[in-house]
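In: Sequence first, then the predicted structure, then my questions.
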Amino acid sequence: MNEERWHEHQLRVRYAETDQMGVVYHANYLNWFEIGRTELIRGLGYPYRSIEDKGLLLPVVEAEVKFKKPARYDDLVSINTRVIEISSVRLHFAYEIRKITEDLTSVSAETKGDLLVTGNTRHVWVNPSWKPVRIDKEAPELWQLLSEYS
C-alpha cells in the first residue's frame, strides 16, 4: 500500500458545526470523514452517485476517531483521506484532519498545519438488500481505480 498517497479536501469550519464550548462537535468529524472519502472517489473520476446508480452501497461497519486538538469556528481545515486496505468486499480508509493557515495551502498533507484528529473507517460493499457483493465483479472499473490508488 502507498502510505504517502493522500487526497486532500479543504473546508472552513461553520458556526453550526461547533458546540457550546466553541469547538467542533465531535460527531462532525465523522461527517468530514464521509466528505473525505466521497471527494477521494470523485477525484478518481467516479462520482459517488455513480456507485449508487449501480446498486452498490458502502456502509460503515467500524469507525475510530482520535482527538488531539480542537478545531474552532472559521478555521480552515484539511481533510486528508487515503485507502489503506482494499479487498473485493471490504474497503478501509484512514483520515487526518489538520488545521491549516492560508500560506500553507500548497504544502503536502504530511506537513501541513496542526494535526487535530486522526481516524479510520472500515466498509463492506453490499447491494440494496444488504447482501455482500464483490466490487471486482460488480464494478470492475471502480475496483481498478481504488486498487491503483491504494
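Out: Ah, there it is. Being a predicted model, the structure only gives us computed values, none of them experimental.
In: who are the neighbours in contact with Pro132?
Out: For Pro132, the contact set (Cβ atoms under 8 Å, 6 or more residues apart in numbering) comprises 89, 124-126. C-betas here are computed from N, CA, C, even on glycine.
In: Do a quick rundown of the helices in this protein.
Out: For the chain, helices defined by DSSP state H occupy the ranges 28-43, 48-53, 135-138, 140-149.
In: hang on, the earlier thing: take the contacts of Pro132 and, keeping just the buried ones, write it as a ChimeraX select command.
Out: In ChimeraX, this line selects whichever of these come out buried by 16 or more other Cβ atoms under 10 Å:
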select :124,125,126
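In: follow-up on the earlier one: could you export the helices of the chain as CSV, including mean neighbour count?
Out: Supplementary listing: those in CSV, determined by neighbours: other Cβ atoms under 10 Å:
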stretch, mean neighbour count
helix 28-43, 19
helix 48-53, 14
helix 135-138, 16
helix 140-149, 15
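In: Ala94: which of those is closest?
Out: helix 28-43 (9.7 Å; Cβ to Cβ).
In: Now do the contacts for Ser78.
Out: Neighbour list for Ser78: 8-10, 96-98, 100, 109, 112-113 [criterion: Cβ under 8 Å, 6+ apart].
In: mind redoing it with 7 Å?
Out: 8, 10, 98, 100, 109, 112-113 (Cβ atoms under 7 Å, 6 or more residues apart in numbering).
In: One more: Arg72?
Out: So Arg72 contacts 13, 18, 22-23 (Cβ under 7 Å, 6+ apart).
In: What subset of those residues is buried?
Out: 13, 18, 23.
In: what about the residue lying closest to the second one once chain neighbours are set aside, how many neighbours?
Out: With Cβ to Cβ, 6 or more residues apart in numbering as the measure, Tyr73 is the residue that lies nearest to Thr18, at 5.0 Å, once sequence neighbours are left out. Tyr73 sits with 14 neighbouring residues when counted by other Cβ atoms under 10 Å.
In: pLDDT score for Tyr73?
Out: Model confidence at Tyr73, given as pLDDT, is 95.
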